[in-house]
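Chemist: no sequence for this one, just the structure:
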């Protein structure tokens with residue numbers, strides 16, 4: 001099928017383009033970039049060195065991939081941005097390389113990063129994540145698979161957003177959000193329940209959803225601390241693979257605490 005490179009684009013001879021890649025007018029692809037087969041780079045997009053994209057990706061106009069990290073400790077060391085297959089990056093989004101020699105910022109497969117979104121240095125974004133317009137992830141933020149980050153939401157550096165989380169638009173996320181939860185928008189948004197619709201759409205069985213609901217009630221209704229909640233989940237629900245993932249997330253706490261529940265004190269952080 002061959003590549004299609006517009007005569008007004010600028011593609012460095014050191015870039016590696018797979019079969020069927022299309023590069024639009026005035027797009028810039030620097031040396032050392034790898035773009036997987038069947039990907040499309042729209043006009044005026046910029047793909048900087050150190051970027052590796054999978055198959056079937058699409059990068060829209062004005063997006064900048066692989067820019068230098070916004071980190072005062074960065075001294076020009078070699079670092080990377082890796083993107084999985086079939087991920088779409090919309091207009092004016094910015095995805096930065098990592099800070100630190102040989103370090104990588106990773107974005108998974110099947111993601112949709114809408115207009116104006118930002119993935120900061122050393123971030124880890126799982127498969128099938130959706131970030132709505134202007135959502136922003138600080139440095140070292142981790143987002144689990146199938147999570148949804150609403151428009152104009154922002155995550156503080158080092159925060160973790162668990163798999164299958166729904167974070168409402170405008171959320172100012174300062175604590176870790178455990179998997180399967182839903183948080184409302186605003187400053188330090190509280191957990192307002194499970195992401196039930198997201199779990200159903202993802203094909204979770206009724207049995208799995210019931211186990212997750214029981215774990216939620218232990219964490220936010222019954223236990224007085226995260227440590228107590230983990231112990232109770234292991235005792236009562238240890239056979240559920242879904243609950244095991246929640247337990248693993250809670251046990252690997254980063255020290256930022258966990259989002260509180262709306263029906264408790266909304267200013268409280270679980271520790």
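Modeler: Ah, there it is. Bear in mind the structure is a predicted one, so any value in this text is a computation, not a measurement. Numbers count the residues shown, from 1 in each chain.
Chemist: List the residues that contact residue 166.
Modeler: Contacts here follow CB atoms under 8 Å, 6 or more residues apart in numbering; on that basis residue 166 touches 147-148, 150, 181-183, 195, 198. C-beta here means a position set from N, CA and C on the backbone, and glycine is covered the same way.
Chemist: from those, which is closest to residue 157?
Modeler: residue 147 (17.3 Å; CB to CB).
Chemist: and that closest one, how many neighbours does it have?
Modeler: 26 (other CB atoms under 10 Å).
Chemist: residues contacting it?
Modeler: 126, 129-130, 161-167.
Chemist: Now go through the residues you listed and say which are in strands.
Modeler: Taking DSSP state E, the ones among the contacts of residue 147 that sit in strands are 130, 161, 166-167.
Chemist: Out of the residues you listed, which comes closest to residue 140?
Modeler: residue 161 (12.3 Å).
Chemist: partners of the closest one in the sheet?
Modeler: Beta-bridge pairing of residue 161 under DSSP bridges involves residue 143, residue 177.
Chemist: Just the pLDDT at it, thanks.
Modeler: Here the pLDDT value assigned to residue 161 is 98.
Chemist: Could you count how many residues lie near it?
Modeler: By other CB under 10 Å, the residues close to residue 161 number 29.
Chemist: Kindly report the same for the one 3 residues further on.
Modeler: For residue 164, the number of neighbouring residues by other CB under 10 Å comes to 25.
Chemist: Next, give phi and psi for it.
Modeler: Residue 164 adopts backbone torsions of phi 60, psi 20, taken as degrees, to the nearest 10.
Chemist: List the residues that contact it.
Modeler: Contact analysis of residue 164 by CB under 8 Å, 6+ apart lists 144-147, 179-180, 195, 198-199, 202.
Chemist: ok so, going back, neighbour count says what about the contacts of residue 166? Which are buried?
Modeler: Buried by 16 or more other CB atoms under 10 Å: 147-148, 150, 181-183, 195, 198, out of those.
Chemist: For those residues, work out which two are farthest apart.
Modeler: Greatest spacing in those, by CB to CB: 150 and 181 (13.7 Å).
Chemist: coming back round to it: the contacts of residue 164 in helices, which ones?
Modeler: 198-199 (DSSP state H).
Chemist: Who wins on neighbours among the contacts of residue 164?
Modeler: residue 180 leads those on contacts (other CB under 10 Å) with 32 neighbours.
Chemist: Just to check, that one is in contact with residue 195?
Modeler: Yes. Between residue 180 and residue 195 there is a contact under CB atoms under 8 Å: 5.8 Å.
Chemist: so what's in contact with the two at the same time?
Modeler: Counting by CB under 8 Å, 6+ apart, the residues touching both residue 180 and residue 195 are 164-165.
Chemist: where's the residue lying closest to residue 261 once chain neighbours are set aside relative to residue 153, distance?
Modeler: In space, residue 261 comes closest to residue 220 once its chain neighbours are excluded; the distance is 3.9 Å by CB to CB, 6 or more residues apart in numbering. Distance from residue 220 to residue 153, counting by CB to CB, to the nearest Å: 21 Å.
Chemist: For these two, indicate the residue with more neighbours.
Modeler: Taking neighbours as other CB under 10 Å, residue 220 and residue 153 compare with residue 153 leading, 26 against 22.
Chemist: show me the residues around that one that make contact.
Modeler: Contacts of residue 153 by CB under 8 Å, 6+ apart are 132, 135-136, 167-173, 185.
Chemist: Quick check on these: which are buried?
Modeler: Buried members of the contacts of residue 153, counted by 16+ other CB under 10 Å: 132, 135-136, 167-171, 173.
Chemist: burial measure for the closest residue in space to residue 14 that isn't next to it in sequence, as a count.
Modeler: Nearest residue to residue 14, sequence neighbours excluded (CB to CB, 6+ apart): residue 31, at 3.2 Å. For residue 31, the count of nearby residues is 13 (other CB under 10 Å).
Chemist: Surely residue 31 and residue 50 touch.
Modeler: No. Between residue 31 and residue 50 there is no contact under CB under 8 Å: 10.0 Å.
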